[in-house]
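**Q** Sharing a sequence plus its predicted fold:
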Amino acid sequence: MDTGLCCSCRGLSKSYGRKQVLSNCNLELKPGELVGLIGENGSGKSTLVQCLLGYTAPDKGTVRMWGTVGYCPQEMILNRAFTLQEHLTFSMSVYEQHAHADTGFASTLLEEFRLTDYMEELIKNLSGGTRQKLQFITSILHRPSLLIMDEPYDGFDWEMYLTFWDVIERLRQAGTGILLISHLLYDRDKFDRILALKEGGLHAQ
Ligand SMILES: Nc1ncnc2c1ncn2[C@@H]1O[C@H](COP(=O)(O)OP(=O)(O)OP(=O)(O)O)[C@@H](O)[C@H]1O
């Protein structure tokens, strides 16, 4: 069924003990749309993302996704014992089980993010910003239908920040719907919509 959406959640609620974190949250994302999600520390942004991705079960509500998903989390999830090359070989083999991940796109991203000099380095020896670049490109190798990113450019220098936005724009043009979570959103004009999570609810900004 073509709903014209890549993600929809309806009536999402989640409490931890007596603390209600999400209360009746509704969100729809269209292909090619870029939505920013802001909120104070502890407002529930990560909880919302965890519910969208199915990592945490909501108390109420439904989540639906159409197509493939890419996720760039805030915390580092790379295997530190791999070299960058081993990490990429492993990631591509995982993606190829479910989606198309072409080596040409991977090579372009490695060049654009200046990672080609580090292919034989262990991930544990890379700088924080370099690891962040690798984590970001890993989330998009399969050109997902929906991309969810939590503080994705934390640690990028200015040039890499600009490269990041170039790549995001290309993904949007190819139809990827994007949800970008951050405490602070710069360049607000790049977003189609900005939502704020406040007292458990999503509010248009
Ligand atoms: N597994 C958990 N068990 C209990 N409480 C939790 C759990 N996960 C999150 N919380 C609580 O839920 C609230 C929202 O947390 P969450 O991490 O979703 O906020 P956030 O907006 O992502 O915060 P930050 O901007 O600091 O990353 C916080 O009060 C947090 O302590």
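**A** The structure has been received and is ready for your questions. Numbering: from 1, shown residues only.

**Q** next one: phi and psi at the spatially most central residue of the chain?
**A** Nearest residue to the geometric centre of the chain (CA atoms, centre = their mean): residue 149, 2.2 Å. Backbone torsions for residue 149, taken as degrees, to the nearest 10, come to phi -130, psi 130.

**Q** Please report the distance of it from the ligand.
**A** Distance of residue 149 to the ligand, given as CB to the nearest ligand atom, to the nearest Å: 13 Å. The way it works is simple: take the backbone N, C-alpha and C, and place the C-beta from them, glycine included.

**Q** Kindly report the same for residue 202.
**A** To the ligand, residue 202 is 12 Å away according to CB to the nearest ligand atom.

**Q** Against which helices or strands is the helix or strand harbouring that residue packed?
**A** Residue 202 belongs to strand 201-204 when assigned by DSSP states H and E. The elements that strand 201-204 packs onto, with contact taken as 3 or more CB pairs under 8 Å, 6 or more residues apart in numbering; DSSP states H and E, are strand 19-29, strand 193-198.

**Q** Export those as a markdown table, with columns for distance to residue 155, mean neighbour count and mean pLDDT.
**A** Output for the helices and strands packed on strand 201-204, formatted as a markdown table (distance: least, CB to CB, whole Å; neighbours: other CB atoms under 10 Å; pLDDT from 0 to 100):
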| stretch | distance to residue 155 | mean neighbour count | mean pLDDT |
| --- | --- | --- | --- |
| strand 19-29 | 26 | 18 | 95 |
| strand 193-198 | 22 | 17 | 94 |
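
**Q** Could you pull up the residues touching residue 48?
**A** Shown in contact with residue 48 (CB atoms under 8 Å, 6 or more residues apart in numbering): 12, 22, 25, 27, 37, 197.

**Q** One more pass at 10 Å, please.
**A** Residue 48 makes contact with 9, 12, 14, 21-22, 25, 27, 37, 39, 56, 58, 148, 179, 181, 195, 197, 200, 202 under the criterion CB atoms under 10 Å, 6 or more residues apart in numbering.

**Q** how about the residues of this protein that lie near the ligand?
**A** Residues of the chain lying close to the ligand by CB under 6 Å from any ligand atom are 16, 19, 21, 39, 41-47, 183.

**Q** just to revisit the earlier point, report the strands that pair with the strand holding residue 202, each with its relative direction.
**A** Taking DSSP bridges as the criterion, strand 201-204 forms sheet pairs with strand 193-198 (antiparallel).

**Q** I appreciate the help and will end here.
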